[in-house]
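# Predicted model follows, preceded by the sequence.
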Amino acid sequence: MNSPEKGESLSAVTVLGVVGAGAMGQGIAQVAVTGGIRTLLYDVSSEAAEAGAATIASRLRRLVEKNKMESAEAEAAIARLSVAGALEDLTPCEAVVEAIVENIDVKRRVFRDLEAVVSPACLLASNTSSIPIASIASACEHRGRIAGLHFFNPVPLMRLVEVIRPVEATDATIATLIALGRQMGRTPVEVKDSPGFLVNMGGRAMTTEGIRILHESVATPEQVDAVMRDCYGFRMGPFELMDLTGIDVNYPVSVFVWEGYGNDPRITTYPEHRALLDAGLYGRKSGRGWFDYAEGAQKPSPDFVTDAAPAKTVALAEPNPVLESFVVAAGLTVVPDDGTIALLAAPVGLDATSTALRTGADSRRLVCLDLIGRTDRRVVVMTAPGADHGLRDAVAAALTSETRAVTVIKDSPGFIGQRVTAAICNLGCSIAETGLAAPEDIDMALELGLNYPAGPMRLGEQVGAGTMLTILTALQSLTGEDRYRPTMWLSRRARLGLPLKTAA
Ligand code: NAI
């Protein structure tokens, strides 16, 4: 076994201790034994430890029944697992992962107790999702060997593991834990010890910007979700995702991360979120959250439905070849403005009001389309206050087809998708800028940890870094809010025409 001191060579962990046999401890022990590591599972409740070991064995045997694992392989993994009756039994361990109750005092006590039974070279890692690793390590004597190993639930299905580096951890400790993560079949990413680490921090952008759009009465939760799915390929929009993880989990995490970053307005959440928590509407688990899951409850449609006759002719508020080919492909004819027909524009970062003022178009007849992101399945339409809804509805009807829905929203700088993707990209760039994690790891973590179709940097490249900067600059200027301030990381690379992952 390696020593955690800097510079010494590494060797694989062969005996692992797992403290805490709950949901996470079981998963961690399972991937350890299937990764070929002898594992000792300890819990303060010996029944919990026994039950945990039995659950792991039955899960592995079920994988054999489903032909997902060879029987010999499963039995060998099961044979590598044993229950530790006392903490002292963890003495032979080369590394211990703690996954007990999320309580700092209890964790510090367990780490101190562990130091008394394992060798000074044994690595000690916590699976905490919110406690600073340094505050656990500060209770210990040999702090260079202490770090975080943050798995995701359910562990066997979630490939990501965050390796959390507190200030005092040695390079060898981090390198060994990265190797341990790989031994366990996970994809490790190294992250600085920071509030929410990487995934819980990076994930704040999509959810809070979704809520912000709702807060401004721009769109409904189902409209926001539909845009993120249909125009950007997300498996779930922010509201469905929050209902799945549970408002009782994501509201406190939002507040915790926001406070940890000095109340950064970029990750603030809004009263609508708290209101659900106060009402006990936690999402799927309680039967209602942003959406109603009661038997027979109908989710409102995000699609605009109108009896209006489809428009046949439109004019453009300003020359725009991309917009022109889009509307022509949809069957509309572009003609010179006759003073009565709809005037179309495709603003980037601006709302309809500013677009009318910028182009000199009649704001009552201006209909704005969002052409950023995919438009083959859904297109978003917005107008300025006081607009002629008859003209808007006729355009919406013309753009609706068997394969494409239209979502009509209130005036918004950056519609829905531009705002949400710019928020995701900007926060990812902020994570890169502060050196919390490497750019490649930021993308990988959000793709594996949150199922994003593309991480913040990749998403930014897909939309275009320059477009992202334009959207954020316009949002910041129109709202006057620091929430939308572009990071220097994004701004520099966009202005220099460099990929967003370009190192500093
Ligand atoms: P759990 O409540 O399912 O299991 C905790 C286990 O720890 C219980 O079996 C309990 O008997 C045992 N325990 C409590 N105090 C102990 C002590 N002093 N010594 C030994 N065992 C003790 O909790 P869960 O969900 O497995 O979470 C464990 C840790 O993992 C927490 O720090 C949590 O924040 C973190 N985590 C949880 C995730 C989740 O989705 N559940 C995801 C990522 C991290």
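Sure, I can see it.
# What count of nearby residues applies to the nearest residue to Ala51 once chain neighbours are set aside?
Among residues not flanking Ala51 along the chain, Ala21 sits closest, at 7.3 Å (C-beta to C-beta, 6 or more residues apart in numbering). Every C-beta, even on glycine, is put in place using the N, C-alpha and C of the backbone. The local packing of Ala21 (other C-beta atoms under 10 Å) involves 29 other residues.
# Let me know whether Ala21 touches Leu40 as I believe.
No: between Ala21 and Leu40 there is no contact under C-beta atoms under 8 Å: 10.9 Å.
# thinking again about what came up before, ok, now which ones touch the residue nearest to Ala51?
29, 41-43, 45, 48-49, 51-53 (C-beta atoms under 8 Å, 6 or more residues apart in numbering).
# List only buried entries from these.
Buried by 16 or more other C-beta atoms under 10 Å: 29, 41-43, 48-49, 52-53, out of the contacts of Ala21.
# Just flag the most distant two among those residues.
Spatially, the most separated pair among the buried ones among the contacts of Ala21 is Ala29 and Ala48, at 12.1 Å (C-beta to C-beta).
# re earlier: possible to save the contacts of Ala21 as JSON lines with pLDDT and distance to Val191?
Converted to JSON lines, the contacts of Ala21 look like this (pLDDT from 0 to 100; distance: C-beta to C-beta, whole Å):
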{"residue": "Ala29", "pLDDT": "98", "distance to Val191": "23"}
{"residue": "Leu41", "pLDDT": "98", "distance to Val191": "26"}
{"residue": "Tyr42", "pLDDT": "98", "distance to Val191": "26"}
{"residue": "Asp43", "pLDDT": "98", "distance to Val191": "27"}
{"residue": "Ser45", "pLDDT": "98", "distance to Val191": "31"}
{"residue": "Ala48", "pLDDT": "98", "distance to Val191": "29"}
{"residue": "Ala49", "pLDDT": "98", "distance to Val191": "29"}
{"residue": "Ala51", "pLDDT": "98", "distance to Val191": "32"}
{"residue": "Gly52", "pLDDT": "98", "distance to Val191": "27"}
{"residue": "Ala53", "pLDDT": "98", "distance to Val191": "30"}
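# Which single residue of the protein ends up nearest the ligand?
Ranked by C-beta to the nearest ligand atom, the top residue of the chain for proximity to the ligand is Gly22, at 1.7 Å.
# Run through the buried ones among the contacts of Ala21 and flag the ones next to the ligand.
Applying C-beta under 6 Å from any ligand atom to those, one finds that 43, 48 fall near the ligand.
# Now render the buried ones among the contacts of Ala21 as CSV, adding secondary structure.
As requested, the buried ones among the contacts of Ala21 are arranged in CSV below (DSSP: H, G, I helix; E, B strand; the rest coil):
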residue, secondary structure
Ala29, helix
Leu41, strand
Tyr42, strand
Asp43, coil
Ala48, helix
Ala49, helix
Gly52, helix
Ala53, helix
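# Save the buried ones among the contacts of Ala21 as JSON lines, and put in distance to Gly414 too.
Putting the buried ones among the contacts of Ala21 into JSON lines (distance: C-beta to C-beta, whole Å) gives the following:
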{"residue": "Ala29", "distance to Gly414": "46"}
{"residue": "Leu41", "distance to Gly414": "50"}
{"residue": "Tyr42", "distance to Gly414": "51"}
{"residue": "Asp43", "distance to Gly414": "49"}
{"residue": "Ala48", "distance to Gly414": "49"}
{"residue": "Ala49", "distance to Gly414": "52"}
{"residue": "Gly52", "distance to Gly414": "48"}
{"residue": "Ala53", "distance to Gly414": "52"}
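# ok, back up a step: select, from the contacts of Ala21, the two members most distant in space.
Among these, Ala29 and Ser45 lie farthest apart (C-beta to C-beta), at 15.2 Å.
# In terms of pLDDT, where does the most centrally placed residue in the chain sit?
The centroid of the chain falls nearest to Gly203 when counting by C-alpha atoms, centre = their mean (3.1 Å). Looking at Gly203, its pLDDT reads 97.
# one step back: the residue nearest to Ala51 in helix, strand or coil?
coil.
# still on that earlier bit, distance check, the residue nearest to the centre of the chain against Arg266.
13 Å (C-beta to C-beta, to the nearest Å).
# Ok, Arg143 next?
32 Å.
# Glu272 now?
In terms of C-beta to C-beta, Glu272 sits 18 Å off from Arg266.
# swap in Arg483?
In terms of C-beta to C-beta, Arg483 sits 5 Å off from Arg266.
# Is Asn426 in a helix, a strand, or coil?
Taking three-state DSSP, the label given to Asn426 is helix.
# and it, how many neighbours?
28.
# contacting residues around it?
205, 266, 456, 468, 472, 484, 486-487, 490.
# would TSV of these with neighbour count be doable?
TSV is the format used below for those (neighbours: other C-beta atoms under 10 Å):
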residue	neighbour count
Ala205	25
Arg266	20
Pro456	31
Met468	32
Leu472	27
Tyr484	26
Pro486	22
Thr487	21
Leu490	26
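# and those, which of them are in helices?
205, 456, 468, 472, 490 (DSSP state H).
# what helix or strand is the residue nearest to the last one when sequence neighbours are not counted on?
Setting aside the residues directly before and after it, Leu490 is nearest to Cys429 in space (C-beta to C-beta, 6+ apart), at 4.2 Å. Using DSSP states H and E, the element containing Cys429 is helix 417-433.
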